[in-house]
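[1] quick one, structure for this:
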Amino acid sequence: MFKTILLCLACITLSATAQAELITFDVDQADFIAPAESSGEAGAVIVDDQFASIGVLFRDMDFPTQGVWVGNPNGPFSSSPNVLYSNNGSGSFDYLVRAELTFVDPNNIDVPAYVTSISGVFTDAGAGSTLTAYDMDDNVLGVSTAVSGNMETLSLSDIGEIARVEFVAQDWTALDDINFDGLVSMGADVPVPTMSFYGLVLMMLSLVYVASRRLRVNIKRT
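    Just a heads-up that it's a prediction; the model follows:
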């Protein structure tokens, strides 16, 4: 019985905490393979649609057809080599981050989606750096502005249906630890199943299991 209670609690925790999608660039995720730390510029990856399977596309704001640059161990942030930079348009990186994230249906990147919260960490972006959120009609929903830009998290939530965001730095920097939550596809206008959904399913199955065991015990006693 005690083990079953623990299982239920674990499922509840899963359903409550596993809703967000966290992107860090030093580990393999979705269709993304992190560059080796010792690989230099040759190991960098141009990131555009590799995270489409979790509902987000990456674009450089100045060179939108070339994606963003991830993994530059020769850069100034050697303690954290696998981070996002902008693209300079010539096949290399630009430290002045101007990156756009657009949310899509994980099953079809041509179908738009939105999220309810978004955050990212600028390593050293400088005061005045911004995270700006837009809705489906390209209206500004909200802006988060860095105070110092030094290892500062910018975040926006509860401002409406966030269809895309722009991270714009005021100084040489990199972007990491991107976190978004509440992905909803506009195709069927229903939430895309996440780990929270499966956590709730596990919780319900556990409750059914507990009830069935009690029923069997009561039948045996009678």
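[2] partner residues bridging Glu166?
    Judged by DSSP bridges, the bridge partners of Glu166 are Glu100, Thr132.
[3] residue contacts, Val166?
    Slight slip there: residue 166 is Glu, not Val. Contacts of Glu166 were listed using CB atoms under 8 Å, 6 or more residues apart in numbering, and they are Met61, Arg98, Ala99, Glu100, Leu101, Thr130, Leu131, Thr132, Tyr134. Placement of C-beta: from N, CA and C, glycine included.
[4] in ChimeraX, how would I select the buried members of these?
    Selecting just the buried residues from these in ChimeraX takes one command, with 16 or more other CB atoms under 10 Å as the test:
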select :98,99,100,101,130,131,132,134
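[5] can you name the two of the contacts of Glu166 that are farthest apart?
    Pairwise distances among the contacts of Glu166 were taken by CB to CB; the largest, 14.7 Å, belongs to Arg98 and Tyr134.
[6] circling back: now render the contacts of Glu166 as CSV, adding pLDDT.
    Formatted as CSV, the contacts of Glu166 follow (pLDDT from 0 to 100):
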residue, pLDDT
Met61, 97
Arg98, 97
Ala99, 97
Glu100, 98
Leu101, 98
Thr130, 97
Leu131, 98
Thr132, 98
Tyr134, 98
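[7] from the contacts of Glu166, which is closest to Leu175?
    Comparing these against Leu175 with CB to CB places Ala99 closest, at 6.2 Å.
[8] what about Lys122, which helix or strand?
    One correction, residue 122 is Phe, not Lys. Using DSSP states H and E, the element containing Phe122 is strand 108-124.
[9] pull out the buried positions in that strand.
    Of the residues in strand 108-124, those buried under the neighbour-count criterion (16+ other CB under 10 Å) are 109, 112-124.
[10] next helix or strand past the helix or strand of the chain with the lowest mean pLDDT?
    Lowest on mean pLDDT, DSSP states H and E among the helices and strands of the chain sits helix 2-17, with a mean of 41. Taking DSSP H and E as the definition, the helix or strand that follows helix 2-17 towards the C-terminus is strand 21-23.
[11] can you give the contact residues for that next one?
    Outside strand 21-23, the residues that touch it by CB under 8 Å, 6+ apart are Gln29, Phe51, Ile54, Gly55, Val56, Asp177, Ile178, Asn179, Phe180, Asp181, Leu183, Thr194.
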